[in-house]
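Colleague: One predicted model, sequence on top.
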Amino acid sequence: MHDDRALVEARLKRVLDERIRPAVYPQSVPLAVEAWTAPGEPVPIAEGLAATHEPVAVGDAWGAPWATTWFKVTGEVPAAWAGKTVEAVLDLGFDERMPGFQCEALVYTPDGEPIKAVNPRNQWVRVGDPATGVLGGERVEWHLEAASNPVLLGDNPFRPTDLGDKDTAGDEPQYRLERMDLAVFDRTVWELVADLEVVGELMEQLPVEGGRRWELLRAVGRCLDAIDLQDVNGTAAAARSHLTGVLSAPADASAHRISAVGHAHIDSAWLWPLRETVRKVARTTSNMTNLLESEDEFVYAMSQAQQYAWIKEHRPEVYAKVKKAVAEGRFVPAGGMWVESDTNMPGSEAMARQFVHGKRFFLDEFGVENEEAWLPDTFGFAAGLPQIIKAAGSKWLLTQKISWSQINKFPHHTFNWEGIDGTRIFTHFPPVDTYNCSMLGREIAHAASNFKDKGVAKHSLAPTGWGDGGGGTTREMIAKAKRMKSLEGSAHVTWETPKEFFEKAEAEYANPPVWVGELYLELHRATLTSQARTKQGNRRSEHLLREAELWAATAAVRTDFAYPYADLDRIWKTVLLHQFHDILPGSSIAWVHREAEKTYAAVAAELTAIIDAAQRALAGEGSQELVFNAAAHERSGIAAGGAGAPALSGTVELTARPDGGHILDNGLLRVEIDARGLVVSAYDIEADRETVAPGAAANLLQIHPDFPNMWDAWDVDEFYRNVVTDLTDVDTVQVLASTPAGVSIEVVRSFGASRATQVLTLAAGTKRLDIDTEVDWHETEKFLKAAFPVDVHADRYAAETQFGHLYRPTHTNTSWEAAKFEACNHRFLHLAEPGFGVALVTDSTYGHDVTRTVRESDAGTTTTVRLSLLRAPRFPDPHTDQGVHRFRYALAPGAGVVDAVREGFAINLPERRVTGSGTVAPLCSVASDAVAVSAVKLADDGSGDVVVRLYEAGGGRARTSLRLGFPAASVVATDLLERPLAAAAAYTVEDGEVALSLRPFELVTLRFGR
């Protein structure tokens, strides 16, 4: 037989596109359309419904960027359509090439009841069908709240645009009404479309050598022969009969099994502002509750407690339907987190609170306890996360994003992920390689063929539906999944909840492989630096929250101070929201980051007021200056978590450097700053050891061109390193202050259109050089770094992560190591060789790189640590990071890893000075510097119990004690939600102390009854 595959396949495509799909709606009549555009921001539903509308017509332009237009559509079902299925087809001017990212609308009845949304690939609204009794003559009236969100990532992606902020977007209409009709819906033709799509897409994935492909091809040919192209509707049923046999052939028992989960990944902000996400969620959930009513097997999962909270507050009519569907068990709250956050940059407590607030919301609202973390789109996963997941009472993780890695292919799809403390979490990467599966044949075939764990496992998950304004799962996806439930040549497809999938996957895979350490995404590395103000706001908010909880709890226990439960709860949720994986990473539009800056300022003001009030209550009356120490370790003679008069020690001497510049010496550290304002020596006097590599200079600002191949705000490509300019020219180097307590040198440099002012300070009694850097940044597509070449031979370095630190290699032996040319740290980086270490601590930066070279002069090793300070990408915010920025970082020669922990806390938690009397004893204190307290607070349930969370920070074992500064009636170990742990070690309070024995990086939460 001749090979006519190409002929039949081309015939199928044309007949589907030009004859069969158009016949789904064989008859239509136009609806009358009126419109009203809301002035400014979106208005309440009642206002939109009551507004005075003006007539508009199909073909008219509408919708300035970010505007809201209320369309009123009216019409009458023709009498001749009695007994037929009738739908409205509402095309607002959609570009169907994109499932979302454009205009969309939520359809309401005249009395304000939401029906469903209309989206680019979901344009229908059911009027009635034979089951509901369409008689003809029915009057139709609907109101559409339509958002004219501009397309920012269209045919020419990554081009700079001012459309990302309502203040710069202009008022030119973005869309043109395309179709507003009532139409007869031909169910038989629609089913024929699904038949042919499934058969045709499966056929293309099967091997030519196999008989099944040819069976499908011949069945398609017979089906197409049976269609009268001038009467598709009259011949569709007969055509379908030719596909019955091939569609009823069952799948092999050994075929891969896919758990389809209805899903719509909705970014809580990205190419739209937060306020628009509220409406995106309302539209998508309306679609899904509508679909659940007609599809018995369908299951839909939605993560992010924040998104539920939004519709509860702003769209209660939508939330009522969601709550009903959740109670029925088919609308599944997933993930147990407040938002799908970034996991690299959030600090220890913030990452824990993502689960605390997310899980508690689902428990309180729905009685649902999540066992899975659901993070399909997050840009890599910190090595401290497994312990946090377990401590929250969860045990599984799902993500898809690692499949985006550019260089190395991850070796597993289902595995145990081991964190820094040894905790293992059963983890799944869907091999379908998308979180927007649409049940295409190539997607299902790819999931099966791509699955890395064949032979020992056969289950995978497919998140199915359009996100980000696409409206979620469609009825077409459900129809295709139904045909692939058991279909020869295809994987089995079944709708299941995430829990059902994980239980099956875990049961079949008794000994999965183990991946140890971070799950590093080899892409989007620049998200550790873009939008510096957002990142600074996050870091500072996290530490202000620590202070507010600590001092408020201390004051509440010691005085009549009222602990601000509600305020702290609300502020935590605000900070957690802004850790969403397109806000904190700096990859959202200008509008989002402009609002974030204002939000962080308000958070800082409110938390500072709480801190001030609590400290005044503790300080009491008096004129003595008290220093409050919120850090995790003693400093200036003041205990961690306490307050008192600081102990002063030592002095600092300033002398001139013979070749120009200055020498600063405090008896512990001697620092030389040359005439260029660069640090050419940092000499540890006690260790008799130079820190700066011979012939090199530290605190060297370097600038690179930075124009990645795509994803401007997200990516920095390795070739950026090929060109670098050392910023050694200097405007001025001068002594800013010189007292026995400290010496400060100011260095000013101009470069390009920008200016950097640095103040280098050596204080008495410290072995740390503080560097305050102010940059007035006006560069474009440039990358600014601060380099510290040190004379340390290290094949690895430590970077702080949640509740500990991880080690990364300094070499590039393999492609896995070479790919990590930009990585994340929290408060510190630490390099060491036996007997000597160096720490670099920061107050607000996250990105860095570490490289090593061998010097020709003495064959010694120079290991260079560079902090990433600023970038200037032009998409999606064309003015990213322009303006003034302030950073603080410090070099700590001779530091061990516990010293690095201490200095990291100190630089992020500056001392506060309050006048009062006496001293304030800590509410609790730890006897070992290797154990850090991450939170002291009152229990969230309002009981007055004191909660202390601590962890082993040095990477070793610790036997120590926690001394209490208040009488405790009981103590119990709890999970992160402050619930007692049945399997935890028993703790007791004896003579005001609790004995502790901790594994490396072990996290413990203790709850004390009073």
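Modeller: Yep, that arrived.
Colleague: switch to C-alpha atoms for all contacts and neighbour counts from now on
Modeller: Noted.
Colleague: And the residue nearest the centre of the chain?
Modeller: With distances taken as C-alpha atoms, centre = their mean, His581 lies nearest the centre of the chain, 2.1 Å away.
Colleague: That one and Phe379: what is the separation?
Modeller: Here the criterion is C-alpha to C-alpha, to the nearest Å. By it, His581 lies 7 Å from Phe379.
Colleague: about what we covered before: per-residue pLDDT of the residue lying closest to the residue nearest to the centre of the chain once chain neighbours are set aside, please?
Modeller: Excluding the flanking residues, the one nearest His581 by C-alpha to C-alpha, 6 or more residues apart in numbering is Asp342, at 4.3 Å. According to the prediction, Asp342 has pLDDT 98.
Colleague: surely Asp342 meets Gly586?
Modeller: No - the criterion here is C-alpha atoms under 8 Å, and Asp342 misses it with Gly586 at 10.7 Å.
Colleague: neighbour count winner among these two?
Modeller: Gly586 (29 against 25; other C-alpha atoms under 10 Å).
Colleague: quick one, strands of the stretch 101-250 of the chain?
Modeller: For the stretch 101-250 of the chain, strands defined by DSSP state E, counting those that start in this stretch occupy the ranges 104-108, 114-118, 124-128, 139-147, 175-176, 179-184.
Colleague: mind giving me CSV with the ones you listed and columns for mean neighbour count, distance to Ser844 and mean pLDDT?
Modeller: Below are the strands of the stretch 101-250 of the chain laid out as CSV (neighbours: other C-alpha atoms under 10 Å; distance: least, C-alpha to C-alpha, whole Å; pLDDT from 0 to 100):
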stretch, mean neighbour count, distance to Ser844, mean pLDDT
strand 104-108, 25, 38, 98
strand 114-118, 26, 41, 97
strand 124-128, 19, 49, 95
strand 139-147, 21, 36, 97
strand 175-176, 20, 42, 98
strand 179-184, 24, 51, 98
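Colleague: Figure out the length between the terminal residues of stretch 46-58.
Modeller: From its first residue to its last, stretch 46-58 covers 26 Å (C-alpha to C-alpha).
Colleague: hmm, back to that, and the residue nearest to His581, backbone torsions?
Modeller: phi -60, psi 150 (degrees, to the nearest 10).
Colleague: next one: Met477
Modeller: Per-residue torsions, Met477: phi -60, psi -40 (degrees, to the nearest 10).
Colleague: Distance check, it against Ala713.
Modeller: From Met477 to Ala713 the distance is 33 Å (C-alpha to C-alpha).
Colleague: These two: who's more crowded?
Modeller: With other C-alpha under 10 Å as the criterion, Met477 and Ala713 differ in neighbour count, and Ala713 comes out ahead with 32 against 17.
Colleague: where's the more buried one, which helix or strand?
Modeller: Per DSSP states H and E, Ala713 falls between elements, in no helix or strand.
Colleague: Tell me who's in contact with it.
Modeller: Contact partners of Ala713, counting by C-alpha atoms under 8 Å, 6 or more residues apart in numbering, are Ala526, Thr527, Ser530, Gly586, Ser587, Pro873, Arg874, Phe875, Pro876.
Colleague: Roughly how far does the third one sit from Leu182?
Modeller: Which is Ser530. For Ser530, the distance to Leu182 - C-alpha to C-alpha - is 48 Å.
Colleague: Just the ones in strands from the contacts of Ala713, please.
Modeller: Here DSSP state E is the test, and these give no hits in strands at all.
Colleague: would a markdown table of those with pLDDT and distance to Leu829 be doable?
Modeller: Output for the contacts of Ala713, formatted as a markdown table (pLDDT from 0 to 100; distance: C-alpha to C-alpha, whole Å):
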| residue | pLDDT | distance to Leu829 |
| --- | --- | --- |
| Ala526 | 98 | 18 |
| Thr527 | 98 | 19 |
| Ser530 | 98 | 20 |
| Gly586 | 98 | 22 |
| Ser587 | 98 | 25 |
| Pro873 | 98 | 26 |
| Arg874 | 98 | 30 |
| Phe875 | 98 | 30 |
| Pro876 | 98 | 31 |
